[in-house]
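Participant: Fold the following for me, if possible:
(chains A and B)
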Amino acid sequence: DTGVSQDPRHKITKRGQNVTFRCDPISEHNRLYWYRQTLGQGPEFLTYFQNEAQLEKSRLLSDRFSAERPKGSFSTLEIQRTEQGDSAMYLCASSLAWGMSTDTQYFGPGTRLTVL
Amino acid sequence: AQSVTQLDSHVSVSEGTPVLLRCNYSSSYSPSLFWYVQHPNKGLQLLLKYTSAATLVKGINGFEAEFKKSETSFHLTKPSAHMSDAAEYFCVVGNQAGTALIFGKGTTLSVSS
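Facilitator: Residues are numbered from 1 along each chain as shown, chains lettered A, B, ... in the order given. Below you'll find the model as predicted:
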C-alpha cells in the first residue's frame, strides 16, 4: 500500500495561466475525492468520483475547474485562467465505499498552488 | 445542513498533561464523525471514527473521543500529551449521502516541555 500520491507537490503560476494536478489513489479504491484547503481553514469538498463517473460537484467548483478520472484510476484537476483566489492546497483522497456508508477517506499530501 | 464547530482555535498544554479538544456538531440525521490530524508538511491522517457502534471511540496514539448525542458533542481527549502530538486537529462530519466530508476550522495543539 503506497498511499495516495499527488503531483506536483508545489506549483507556482502566473494569473491567467492553466494548471493541472494529478492524483493517484490507493489502487483498490473505487472513490476519489478532491478538496481545497485555504490558509487557516479546514478542507472544503470540491467533487468526487465513483470509478470513472463524477457524481457530485460542490458550488465551489466554478466553470474554470474541471476534473476527470478517465479509467477509474488516477484523476486530474485542471484550473483554467487561474486567479489569485485559487491559491490554496488542493487535496486528493480515496476510499473503498459501498452504498451510503461514510467510509474512511485516505488523503494525499496535497498540491500547494500559488498564483502570482 | 450538517456542520461542525471546533470551540477552540488554539490549545496549549504541557507534556504529560491531559489534552481536550472540543467539537460540537449539527446534523439532522445520525452522523458519522471523525477526527483527523495534520502535521506540518504532511497529509491528513485519520485518528478515529464514530459510526454508531459504540459511543466511546478509541483511536491511534492514545486518543479517544466520546459521542454525546444529548450535548451534540464529540470531544477528543488524550490522558498524557507528547511533544509529537503538536499539530492541527480537525473534527469532521460526513454528509448524509456518505460522500463528502465536512471539516471544522481546526484546532492547533501546542505542547511545551
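
Participant: contacts, neighbours, all on C-alpha from now
Facilitator: Will do.

Participant: burial of residue B:48, as a residue count?
Facilitator: 19 (other C-alpha atoms under 10 Å in any protein chain shown).

Participant: surely residue B:21 meets residue B:79?
Facilitator: No - here residue B:21 lies out of contact with residue B:79, judged by C-alpha atoms under 8 Å, at a distance of 12.0 Å.

Participant: Tell me which stretches of chain B form strands.
Facilitator: Across chain B, reading from the start of the chain, the strands by DSSP state E fall at B:3-6, B:10-14, B:19-21, B:23-26, B:33-38, B:44-50, B:56-58, B:64-68, B:73-78, B:87-94, B:101-103, B:107-112.

Participant: Quick check: which of the ones you listed has the most neighbours on average?
Facilitator: Mean neighbours per residue, mean count of other C-alpha atoms under 10 Å in any protein chain shown, is largest over the strands of chain B for strand B:87-94, with a mean of 25.

Participant: Quick check: neighbours of that one in the sheet, parallel or antiparallel?
Facilitator: On the basis of DSSP bridges, the sheet neighbours of strand B:87-94 come out as strand B:33-38 (antiparallel), strand B:101-103 (antiparallel), strand B:107-112 (antiparallel).

Participant: just how off-centre is that strand within its chain?
Facilitator: The chain centroid and the centroid of strand B:87-94 are separated by 5 Å under C-alpha atoms, centre = their mean, to the nearest Å.

Participant: Specify the local secondary structure of the residue nearest the centre of chain A.
Facilitator: A centroid search over chain A (C-alpha atoms, centre = their mean) returns residue A:34, at 2.9 Å, as the residue closest to the centre. Classification of residue A:34 by DSSP: H, G, I helix; E, B strand; the rest coil places it in strand.
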